[in-house]
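[1] The amino acid sequence is not available; the structure is as follows:
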């Protein structure tokens, strides 16, 4: 079983803005040092023209069966 964490990351908005200061690489490296594996992202906010303004970076690691194995029903 795995547990997941989601970290919201502002991307800058796209076309006219510089996205380099998003610091996503440093964030992924930091979470990797803490035992989390980056598995993907989900866009969470968009510009009015469809550019991605923010994403949730998704990380996983194996759950410690003694403390992390909590199961919750999906609200959807």
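    Yes, it's here. Since this is a predicted model, take the numbers as computed values, not measurements.
[2] isn't residue 38 right up against residue 58?
    Yes. Counting by Cβ atoms under 8 Å, residue 38 touches residue 58, with 7.4 Å between them. Every residue, glycine included, has its C-beta placed from N, CA and C.
[3] element containing the closest residue to residue 42 other than its chain neighbours, please.
    Excluding its sequence neighbours, the residue lying closest to residue 42 (Cβ to Cβ, 6 or more residues apart in numbering) is residue 56, at 4.8 Å. Secondary structure from DSSP states H and E places residue 56 in strand 52-62.
[4] buried sites along that strand?
    Judged by neighbour count (16 or more other Cβ atoms under 10 Å), strand 52-62 contains these buried residues: 52, 53, 54, 55, 56, 57, 58, 59, 61.
[5] Show me what that strand is packed up against.
    strand 2-10, helix 24-33, strand 37-46 (3 or more Cβ pairs under 8 Å, 6 or more residues apart in numbering; DSSP states H and E).
[6] Quick check: the closest residue in space to residue 32 that isn't next to it in sequence vs residue 50, distance?
    Nearest non-adjacent residue to residue 32, counting by Cβ to Cβ, 6+ apart: residue 38, 7.1 Å away. Going from residue 38 to residue 50 by Cβ to Cβ, to the nearest Å gives 25 Å.
[7] which of the two has more neighbours?
    Applying other Cβ atoms under 10 Å to residue 38 and residue 50 shows that residue 38 carries more neighbours, namely 16 against 9.
[8] for that one, what are its contacts?
    By Cβ atoms under 8 Å, 6 or more residues apart in numbering, the contact set of residue 38 is 28, 31, 32, 57, 58, 59.
[9] cutoff 7 Å now
    Neighbour list for residue 38: 28, 31, 57, 59 [criterion: Cβ atoms under 7 Å, 6 or more residues apart in numbering].
[10] Look up which residues are beta-bridged to it.
    Taking DSSP bridges, one obtains residue 59 as the residues bridged to residue 38.
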